[in-house]
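# Mind looking at a prediction? Sequence and model below.
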Amino acid sequence: MQERIPSDAPQLLHGLEDHPQRTLVAAELHARPFETFTAPLRASHLAMLGSDAATDRAHVARLCEALDQRLPREGATHHSVELGSFRLRWERHTEFSTYTFFITDYSAYGLQPFDVVALDKVPEAWLAAIAGRMIAGVHLALEASSRPQRGVHEIIEMFRTPNVAGSHVADGGALVFTDFRLHGDGFGRLLVQDRGLPPMRTGRLVQRLLEIETYRLIALLAFPLARAASPELNAIEQRLQTITDRMAGECALEEQQGLLDEIAGLASELARASAARNYRLSAARAYHSIVMHRIQALREERLSGLQTIGEFMDRRFTPAMHTCQSVVDRQEALSRSLARATDLLRTRVDVALERQNRDLLASMNRRTDLQLRLQQTVEGLSVVVISYYSAGLLHFLLKGLAAAGVAVNVELTMGLTVPVLVLAIFFSIRAMRRRLLRQPPSEA
């Protein structure tokens, strides 16, 4: 049973301050101890998806309370308890809960291994009220070493299929048989024949076999997603190929910007689809690793006439997991290709924009130069016009003075004054223009 270790305050050991989580993480390795079993035994194992730890823990507590047995502690993720005619082991994992029911089946020694199952002892109303949906369900029969070893033909008849996997396991301490199929009651079947395993090793063997069945099926949840993803990835790859082919030719700036928008749309579509399946595909990879590790821990030895569990998985389970991994690899490769195409196209668009800006600046410079020349021409004409009218005004002034009896030679005075007047007007206009150019532009 997992112990809840308080971690809110550090402890002082020999003057050293203990990390507040040290005891908790040290105890984690012992949080889910193996059961100890002696044959004969029957077990029924369920794995339920779609619920949460609090709901499942409360449901287990209701059963324990109804049978006046020890309740799971607050926050517990594991509970193992004797409940009269059967034993319950409940475990909460990251995304599912497992319920394993055990009965010591001495009274059914003369029956076939699966004529009596542990699930028959569980209250039906409580069983039907378990939250979530069953993803894995298997009945296990552990036969005592006193029973004669069953032959391969008898095993095939019992499972009703020639496609049975079986082997010596645990250094010859037991024989294991299964067909990895769902039978008429909707459950798989595991047959274990004890050949002298001690109770602790028997418990570890049973736990590993049940975990292989559970993690195998949960890992395979990713396989339909992987198969459905292939046509979608094919379509995105083809559209990307079309875009890159168009990029190889000459494209106007507007067309390049349109291609950039198309690539952004493809990247968004890929990101959305990948996010929807990445969790399941990543989980499948982790579960696949657990399954193969558990199979390796069985230490299988071949039985004549049967495939081993490892060989069965290599032919059926591993290719499905490789398909899932190939989808992950394709998604990552496609994402990189989209990123490279985006960078390349964005560079081309930036270069085209720079070229366009350069041409625009050159055009603006030419226009400014033309405006400057026109301005200088207008300034020259302005000097002539102002000088002409100023000379006219001066001429009228001099004629008025002469008519008033002032002794003035109008023609001589005009001849001497006009050049000075023109120069004065010219320098005045130029000084005004320079003063305006030095003045900073006012903000609107």
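Perfect, thanks for sending it. Numbers count the residues shown, from 1 in each chain.

# Break down the stretch 101-250 of the chain into its strands, ranges please.
With strands called from DSSP state E, counting those that start in this stretch, the stretch 101-250 of the chain shows them at 133-143, 165-169, 174-178, 188-194.

# Format those as JSON lines; extra columns: mean neighbour count, mean pLDDT and distance to residue 208.
Backbone N, C-alpha and C define where each C-beta goes, glycine included. Listed next are the strands of the stretch 101-250 of the chain as JSON lines, based on neighbours: other CB atoms under 10 Å; pLDDT from 0 to 100; distance: least, CB to CB, whole Å:
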{"stretch": "strand 133-143", "mean neighbour count": "21", "mean pLDDT": "96", "distance to residue 208": "11"}
{"stretch": "strand 165-169", "mean neighbour count": "22", "mean pLDDT": "96", "distance to residue 208": "9"}
{"stretch": "strand 174-178", "mean neighbour count": "23", "mean pLDDT": "97", "distance to residue 208": "10"}
{"stretch": "strand 188-194", "mean neighbour count": "23", "mean pLDDT": "96", "distance to residue 208": "11"}
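
# could the ones you listed be laid out in JSON lines, adding distance to residue 317?
Written out in JSON lines, the entries for the strands of the stretch 101-250 of the chain read as follows (distance: least, CB to CB, whole Å):
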{"stretch": "strand 133-143", "distance to residue 317": "14"}
{"stretch": "strand 165-169", "distance to residue 317": "11"}
{"stretch": "strand 174-178", "distance to residue 317": "13"}
{"stretch": "strand 188-194", "distance to residue 317": "14"}
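
# closest one to residue 21 among these?
Using CB to CB as the measure, strand 133-143 is the one of these that comes nearest residue 21, at 32.2 Å.

# circling back: which among the strands of the stretch 101-250 of the chain is found nearest to residue 241?
Smallest distance to residue 241 across the strands of the stretch 101-250 of the chain (CB to CB): 38.7 Å, for strand 133-143.

# strands paired with the closest one, and their directions?
For strand 133-143, sheet partners with direction are given as strand 41-49 (antiparallel), strand 188-194 (parallel), following DSSP bridges.

# returning to what we had before: out of the strands of the stretch 101-250 of the chain, which comes closest to residue 224?
Taking CB to CB as the criterion, residue 224 comes closest to strand 133-143 out of the strands of the stretch 101-250 of the chain, the separation being 13.0 Å.

# Enumerate every residue touching residue 37.
102, 142, 199, 202-203, 206 (CB atoms under 8 Å, 6 or more residues apart in numbering).

# Turn the strands paired with strand 133-143 into CSV, columns for distance to residue 92.
As requested, these are arranged in CSV below (distance: least, CB to CB, whole Å):
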stretch, distance to residue 92
strand 41-49, 10
strand 188-194, 22
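
# Residue 337 is nearest to which of those?
Distance to residue 337, taken as CB to CB, is lowest for strand 41-49 among those, at 34.8 Å.

# Now do the next helix or strand along the chain from the closest one against strand 41-49, angle only.
From strand 41-49 onward toward the C-terminus, using DSSP states H and E, the following helix or strand is helix 53-66. Between the axes of helix 53-66 and strand 41-49, defined by axes from the mean of the first three to the mean of the last three CA atoms, to 10 degrees, the angle is 140 degrees.

# Let's see if you can find the most crowded of the contacts of residue 37.
With neighbours set by other CB atoms under 10 Å, the maximum within those is found at residue 142, which has 26 neighbours.

# got a list of what the nearest residue to residue 305 once chain neighbours are set aside touches?
In space, not counting the residues next to it along the chain, residue 305 is nearest to residue 152; the distance is 4.4 Å by CB to CB, 6 or more residues apart in numbering. When the contact criterion is CB under 8 Å, 6+ apart, the partners of residue 152 are 166, 303-306.

# Count the neighbours of residue 80 for me.
By other CB under 10 Å, 17 other residues sit near residue 80.

# For it, give the beta-bridge partners.
residue 89.

# please renumber so the chain begins at 25
Yep, numbering from 25; the last one is residue 104 now.

# Would you mind identifying the next helix or strand past the lowest-mean-pLDDT helix or strand in the chain?
With mean pLDDT, DSSP states H and E as the measure, the helix or strand of the chain carrying the lowest mean pLDDT is strand 36-37 (a mean of 60). Next along the chain after strand 36-37, taking DSSP H and E as the criterion, comes strand 40-41.

# Give me the sheet partners of that following strand and which way each runs.
Note on strand 40-41: by DSSP bridges, its sheet partners are strand 36-37 (antiparallel).

# pLDDT at the residue nearest to residue 91 when sequence neighbours are not counted, what is it?
Of all residues beyond its chain neighbours, the one nearest residue 91 is residue 107 (4.9 Å), with distances taken as CB to CB, 6+ apart. Here, the pLDDT recorded for residue 107 equals 92.

# check contacts around residue 107.
Residue 107 makes contact with 87-88, 91, 93 under the criterion CB under 8 Å, 6+ apart.
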